[in-house]
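Participant: Need a 3D model of the sequence below.
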Amino acid sequence: MERMLWFFCIDGKNNDNIHGIHFLHMPIMCASFVGNYGSAVMSGRRPFFYVYDAASGSVEQVHATMFGRKEHSLEWFTVSPDGRVIAFVGNDGYIILIDGFSKRWIGDLKMNGSVRAITFSPIVNT
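Facilitator: Numbers count the residues shown, from 1 in each chain. Got it, this is the predicted structure:
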């Protein structure tokens with residue numbers, strides 16, 4: 001499992017590696033940029049996830065206990081197209097909703113069965 005988050009300058013020719021961050025305590029299972037906030041979220045088989053702020057270069061660890069639930073793993077998530085919500089696959093059919101900016105718990109959705117995958121519908125202006 002990879003414990004490094006790599007950033008590349010994609011130019012179609014060289015695609016140079018410009019930055020890498022090592023996460024000692026978490027193999028990365030899922031990573032995504034969050035909206036236009038200049039941050040990225042990484043998660044793995046741990047009860048926490050990391051947020052990297054590209055502007056400041058800081059890394060913040062966010063624990064699942066902040067959501068009022070005891071989660072064993074936050075390895076899978078998806079980010080809404082506008083970056084306002086991050087949805088994690090939780091235990092026992094729960095989907096945990098986190099604010100994309102503050103990284104605070106918004107609420108939960110409960111399914112009658114287990115949750116295997118999640119996604120957001122694309123934003124459509126009608």
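Participant: rest of the way, CA atoms for contacts and neighbours
Facilitator: Noted.
Participant: Which residue is the nearest non-sequential neighbour of residue 117?
Facilitator: residue 89 (7.2 Å; CA to CA, 6 or more residues apart in numbering).
Participant: In contact with the nearest residue to residue 24 once chain neighbours are set aside, which residues?
Facilitator: Leaving aside its sequence neighbours, residue 24 sits nearest to residue 3 (CA to CA, 6+ apart; 6.6 Å). The contact partners of residue 3, taken as CA atoms under 8 Å, 6 or more residues apart in numbering, are 22-24, 26-28.
Participant: Select from those residues every entry located in helices.
Facilitator: Using DSSP state H, no member of these sits in helices.
Participant: Now list the buried members of the residues you listed.
Facilitator: Buried members of these, scored by 16 or more other CA atoms under 10 Å, are 26-28.
Participant: how far away is residue 68 from residue 112?
Facilitator: 20 Å (CA to CA, to the nearest Å).
Participant: Low-confidence stretches in the chain?
Facilitator: For the chain, the stretches flagged by pLDDT under 70 are 1, 123-126.
Participant: now the residue sitting nearest the centre point of it: how far from residue 15?
Facilitator: Most central in the chain under CA atoms, centre = their mean is residue 41, positioned 3.8 Å from the mean C-alpha point. Applying CA to CA, the value for residue 41 to residue 15 is 22 Å.
Participant: One more: residue 64?
Facilitator: With CA to CA as the criterion, residue 64 and residue 15 are 35 Å apart.
Participant: These two - which one has more neighbours?
Facilitator: Using other CA atoms under 10 Å, the more surrounded residue of residue 64 and residue 15 is residue 64, with 20 against 11.
Participant: Surely that one touches residue 75?
Facilitator: No. Using CA atoms under 8 Å, residue 64 is not in contact with residue 75; the gap is 11.5 Å.
Participant: before we move on, the earlier item: mind listing what the strand or helix carrying the residue nearest to the centre of the chain pairs with, with the direction of each?
Facilitator: For residue 41, the element it lies in under DSSP states H and E is strand 39-43. If you go by DSSP bridges, strand 39-43 pairs up with strand 30-34 (antiparallel), strand 48-53 (antiparallel).
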